[in-house]
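Participant: Quick one, what's the 3D model for this:
(chains A and B)
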Protein chains: 2
Amino acid sequence: VAELLSNLPRDVQADLLEHMPRQQAADALEEMEEQEAERVLATMKPATAADMIAHMAPDDATDVLAEFPQAERQALLDRLPATARQRIQGLLRYPPDTAGGIMSPQVTALPDTLTAEEAIDRLRRLARESEQIYYTYVVDSTGRLVGVLSLRDLLLARDEQSVTQIMIRNVIYAPATMDREEVAALFSKYGYLALPVVDERRRLLGIVTVDDVVDVIQDEATEDMQRMVGAGADERVDSPVRLTLRRRVPWLLVNLVTALLAASVIALFEESLARVTALAILMGVVAGQAGNTGAQSMSVVIRAIATSQMRGRPLRTVMLREILIGLTAGAVVGLAGAAASAAWWCESPYAVPLAIAFGLSLWACMTLATVSGALVPIVMQRIGFDPAQASSIILTTVTDIAGFGVFLGLAVGIVLRHFP
Amino acid sequence: VAELLSNLPRDVQADLLEHMPRQQAADALEEMEEQEAERVLATMKPATAADMIAHMAPDDATDVLAEFPQAERQALLDRLPATARQRIQGLLRYPPDTAGGIMSPQVTALPDTLTAEEAIDRLRRLARESEQIYYTYVVDSTGRLVGVLSLRDLLLARDEQSVTQIMIRNVIYAPATMDREEVAALFSKYGYLALPVVDERRRLLGIVTVDDVVDVIQDEATEDMQRMVGAGADERVDSPVRLTLRRRVPWLLVNLVTALLAASVIALFEESLARVTALAILMGVVAGQAGNTGAQSMSVVIRAIATSQMRGRPLRTVMLREILIGLTAGAVVGLAGAAASAAWWCESPYAVPLAIAFGLSLWACMTLATVSGALVPIVMQRIGFDPAQASSIILTTVTDIAGFGVFLGLAVGIVLRHFP
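Facilitator: Next comes the predicted model:
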């Protein structure tokens, strides 16, 4: 239903949802992209929208409400029944990119005073109401998480055994403030179906399930890839053009400024360029080649950060590897470049020195590029930014300045010295 | 354990694993990256390696074996016990990037002739052996998948009810040949914990669980991001330098050729460049700006393909949106660029025509860039390549040629016409 709806115009979507049974409409809204659900709900009467939100699962409802502007969000919250409002307000306390922000408060928890028989009985009753029981957690009288029960162990236990005897005490849990990317890494590492989320006093707040994590991972990958080139983290192929432009254009203007900055390096060599136009042809190749080499290192490091490969890996080891790659790849490409340049200008008196300048600057700039490509996301993260944010624009600025500067500098030193 | 091991030298890893209890060593190997597990096993005696592989879960064992060269894989297979060998050979039939390649053959299936009571009894016994029961499938006498049972419905059913009365008949399943990226999209769409995998006659072959899918999604995202710039799809931040170079350098050489090709456009304007060096300064800015604009569209489309957003979306709609974005963003940046250029060369007699040429070519090239940025991955996919493969290199070639050609062409037409 959600898929069908998403291909219809906004007002038809709202119309259809209003004529569907409430619960079914709420289910469809849960399945839609949050931004899209927000846009549809915004076109409805507040009372109708609030009623649909009240029928949604609290975690999905929270995500959609988080998309609304502050004032409208509050207006909708005020119209919700008290229990739904409290649950959603509790969830809104945590930013959407934390464990608390993606958790569902519908978690199965049993007191640690039950026996196996009582626990099974309790679960049977719960199963009638709740949709899906992933794991059953055990909490003490203050609500603190003390263990997890496997359905299998419970079924195999003797009736009178205490749940504290059957439960696994060593529970892996996520603090509510943990970044959702780290939560995803925990899932990827341990292969769990769900992780309990706790507050700073280890009281059980909710549960993050692996299907939420699947979406988190997709979103994070999309965000990284799009942020890298300065597209909006949440842009989709059907995002409204106006919204898209508002995200993309600022970065394009930043790119214009940095590109002009890099080009101003060229201005220093105006005189030489007028004399040897081969320099104008090759300088862009050096810069472009360095840019692409750096982008290779950068994409590997961004993914390494996203998948928690960097944890515990010394910066020195990472950089040393990049330097080695840069030196070797730069030597290969530099030699090929020098050969191509010598062939192109073979009839010119400065064929050999030009080829040397071209090859050497490719070598130097590509080595610099692998190092800066790896450094940009690492530094961005250390200073508290998203590692991918506009990293491509930053890297290109570095590689352009280096490419133009090193090549033209070398060329003037080597080529023009001999041909005054 | 796997994490600790991965920080040790290869021979120490092998040594430790050989001294651990077999099952524990096998468990650790399951958790390691497949390439890494392959490298460790390759250093052991074949008999020891085969014994460890026999203790691993069949799907993980298959993934590791797939990393071995053909001859060594066969040698290891021959040493395995018959049942393990048959299971793994069955799995090796499907490429690792298909549903069949990532499935586990350990699936819980019950005949459709059982009653609810018999089914629960059977499951209790199975629970003692198998590690995790996600869903229980129902098959007919020929092994064809006919339904799925929820544990909840089973617990609530009357003892004498037939499983065919309780089961859900409308099962979503994945054909063994389905691409793993599409399988991931099914999980993301429906939020399942597991999907059954069937052959062409709908016979139940195995199960894909959501924790496998988490890894698939991470891998696919990594592959797309790294392929885009011509780094190896499977490069990790600790991949051996030699392997890394073997993947990266060919694309860097391709990039060198295409960059020289694009630069040859500049050679057509050598004479004009020598007269107005401002052209040499600005031409790279136009090309770079177009490249970045195209990269934004490209990254959004690559992610859209990866997350199945493109299905059922007419190409015309996608392209129309990109043209609109290009025209608008190009106009904004073109105006800003023209103003910057006019300010930079304000003392020059050709300040105004140069600014017009710069602004117009930014506008034209950025519009072309959004369109080609979106088209490159779409075309790559249509002709059977990975949509992300080296798409950045292809795009840059287009935007470079356009950037140099359009700007220099316009500049010669507008600027130099007035200042002969």
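Participant: Any buried residues in whichever strand or helix holds residue A:262, and which?
Facilitator: Using DSSP states H and E, residue A:262 maps to helix A:241-267. Of the residues in helix A:241-267, A:241, A:244-245, A:247-249, A:251-256, A:258-260, A:262-263, A:265-266 count as buried by neighbour count, 16 or more other C-beta atoms under 10 Å in any protein chain shown. Backbone N, C-alpha and C define where each C-beta goes, glycine included.
Participant: Likewise for stretch A:75-91?
Facilitator: A:76, A:77, A:80, A:84, A:85, A:87, A:88, A:91.
Participant: any idea how far the residue in the stretch 301-420 of chain A positioned nearest to chain B lies from residue A:94?
Facilitator: Across the stretch 301-420 of chain A, no residue is closer to chain B than residue A:304, which sits at 3.8 Å (C-beta to the nearest C-beta). Noted for residue A:304: a distance of 27 Å to residue A:94, by C-beta to C-beta, to the nearest Å.
Participant: among the buried residues of stretch A:75-91, which are in helices?
Facilitator: Within the buried residues of stretch A:75-91, residues falling in helices by DSSP state H are A:76, A:77, A:84, A:85, A:87, A:88, A:91.
Participant: And these, which is closest to chain B?
Facilitator: Closest to chain B out of those is residue A:91 (18.2 Å), distances taken as C-beta to the nearest C-beta.
Participant: List the residues that contact the closest one.
Facilitator: When contacts are counted by C-beta atoms under 8 Å, 6 or more residues apart in numbering or on different chains, residue A:91 touches A:58, A:59, A:62, A:100, A:101, A:103, A:105, A:206.
Participant: show me which of the buried residues of helix A:241-267 neighbour chain B.
Facilitator: A:241, A:244-245, A:248-249, A:251-253, A:255-256, A:259-260, A:262-263, A:266 (C-beta under 8 Å from any C-beta of the partner chain).
Participant: So which of residue A:304 and residue A:94 has more stuff around it?
Facilitator: More crowded of residue A:304 and residue A:94, by other C-beta atoms under 10 Å in any protein chain shown: residue A:304, with 23 against 20.
Participant: ok, for the more buried one, nearest residue in space, not its chain neighbours?
Facilitator: The shortest distance from residue A:304 to any residue other than its chain neighbours is 3.8 Å, reached at residue B:237 (C-beta to C-beta, 6 or more residues apart in numbering or on different chains).
Participant: quick one: low-confidence parts of the stretch 301-420 of chain A?
Facilitator: A:419-420 (pLDDT under 70).
Participant: Quick check: the residue of chain A nearest chain B.
Facilitator: Chain A approaches chain B most closely through residue A:221 (3.3 Å), counting by C-beta to the nearest C-beta.
Participant: mind listing what residue A:115 touches?
Facilitator: A:159, A:160, A:161, A:162, A:163.
Participant: Need the phi and psi values for it.
Facilitator: Note on residue A:115: backbone dihedrals following degrees, to the nearest 10 are phi -100, psi 170.
Participant: average pLDDT for stretch A:180-192?
Facilitator: In this model, stretch A:180-192 has a mean pLDDT of 82.
Participant: follow-up on the earlier one: and of the contacts of residue A:115, the nearest to residue A:16?
Facilitator: Taking C-beta to C-beta as the measure, residue A:16 sits nearest to residue A:163 out of the contacts of residue A:115, at 46.7 Å.
Participant: Contact partners for the closest one?
Facilitator: Applying C-beta under 8 Å, 6+ apart to residue A:163 gives the contacts A:110, A:112, A:114, A:115, A:116, A:119, A:138, A:147, A:149, A:154.
Participant: residues in contact with the one helix or strand residue A:186 maps to?
Facilitator: Assigned by DSSP H and E, residue A:186 belongs to helix A:180-190. Helix A:180-190 is touched from outside by A:97-99, A:101-102, A:172, A:174, A:192, A:195, A:208, A:210, A:213, A:216-217, A:220, A:306-308, B:3, B:31, B:211, B:214-215, B:218, with contacts defined as C-beta under 8 Å, 6+ apart.
Participant: quick one: which of the contacts of residue A:115 is most hemmed in?
Facilitator: The most crowded member of the contacts of residue A:115, judged by other C-beta under 10 Å, is residue A:163 (24 neighbours).
Participant: Excluding sequence neighbours, find me the nearest residue to residue A:120.
Facilitator: Nearest one to residue A:120, counting by C-beta to C-beta, 6+ apart, is residue A:154 at 6.0 Å.
Participant: Tell me if I'm right that that neighbour and residue A:116 touch.
Facilitator: Yes: the criterion here is C-beta atoms under 8 Å, and residue A:154 meets it with residue A:116 at 5.9 Å.
Participant: Give me the common contacts of these two.
Facilitator: Counting by C-beta under 8 Å, 6+ apart, the contacts common to residue A:154 and residue A:116 are A:163, A:166.
Participant: quick one: residue A:147 is in a strand?
Facilitator: Yes: per DSSP: H, G, I helix; E, B strand; the rest coil, residue A:147 lies within a strand segment.
Participant: who touches the nearest residue to it once chain neighbours are set aside in this structure?
Facilitator: Leaving aside its chain neighbours, residue A:147 sits nearest to residue A:167 (3.3 Å; criterion: C-beta to C-beta, 6+ apart). Residues near residue A:167 by C-beta under 8 Å, 6+ apart: A:112, A:138, A:146, A:147, A:148, A:149.
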